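1. sharing a model prediction with you, sequence too.
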Amino acid sequence: MEQTEKYSAVGRRKEAVARVYLMPGKGDITINKRPFDKYFLRETDRIIIQQPLIVSNNMTKYNVIANVTGGGLTGQAGAVRHGISRALILAEPALKDLMRKSSFLTRDPRTKERKKFGLKGARKRFQWTKR
């Protein structure tokens, strides 16, 4: 039995976490055991996921399998992009500078701000009444 190379990486964005597996193939992308165009219905989310593969000219070189949990669809798309970028570097270390310049390796630090006590939300206050 022949063992093929399988590169795995974790990507994160907001509350979403994506475990991404990259293996030699013909360019299939599977998210949570579904084709990625059936999972991500928005065109912008599909474009976000494909960015690292397009920039590195590897669209038809690798198959991508990702398991994503948490967050919303756009956050999950960002997490998958982060994971694919990290896995591509494991597969081809020469791509690190290209991925870094495209800012695909930087984990987006923006998360939800916590609710403060005495307020309605993180910043919204209760309505002030004079009488």
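-> Here it is on my side, so go on. Numbers count the residues shown, from 1 in each chain.
2. check which helices and strands the longest helix along the chain is in contact with.
-> Scanning the chain for the longest helix, with DSSP state H as the assignment, gives helix 73-91. Helix 73-91 sits against strand 7-13, strand 16-24, helix 43-55, strand 62-69, helix 96-101, with contacts defined as 3 or more C-beta pairs under 8 Å, 6 or more residues apart in numbering; DSSP states H and E. Using the backbone N, CA and C atoms, a C-beta is placed for each residue, glycine as well.
3. tilt between it and helix 43-55?
-> Inter-element angle recorded for helix 73-91 and helix 43-55: 10 degrees (by axes from the mean of the first three to the mean of the last three C-alpha atoms, to 10 degrees).
4. who's in contact with the residue most central in space within the chain?
-> When C-alpha atoms, centre = their mean is applied to the chain, the residue found nearest the centroid is Ala79 (2.0 Å). Going by C-beta atoms under 8 Å, 6 or more residues apart in numbering, Ala79 touches Gly11, Arg12, Arg13, Lys14, Ala16, Val17, Ala18, Val68, Gly71.
5. ok, now how distant is the fifth one from Asn58?
-> Which is Ala16. From Ala16 across to Asn58, the span is 23 Å (C-beta to C-beta, to the nearest Å).
6. if you count what's nearby, which of these two comes out ahead?
-> When Ala16 is set against Asn58 and neighbours are counted by other C-beta atoms under 10 Å, the residue ahead is Ala16, at 21 against 18.
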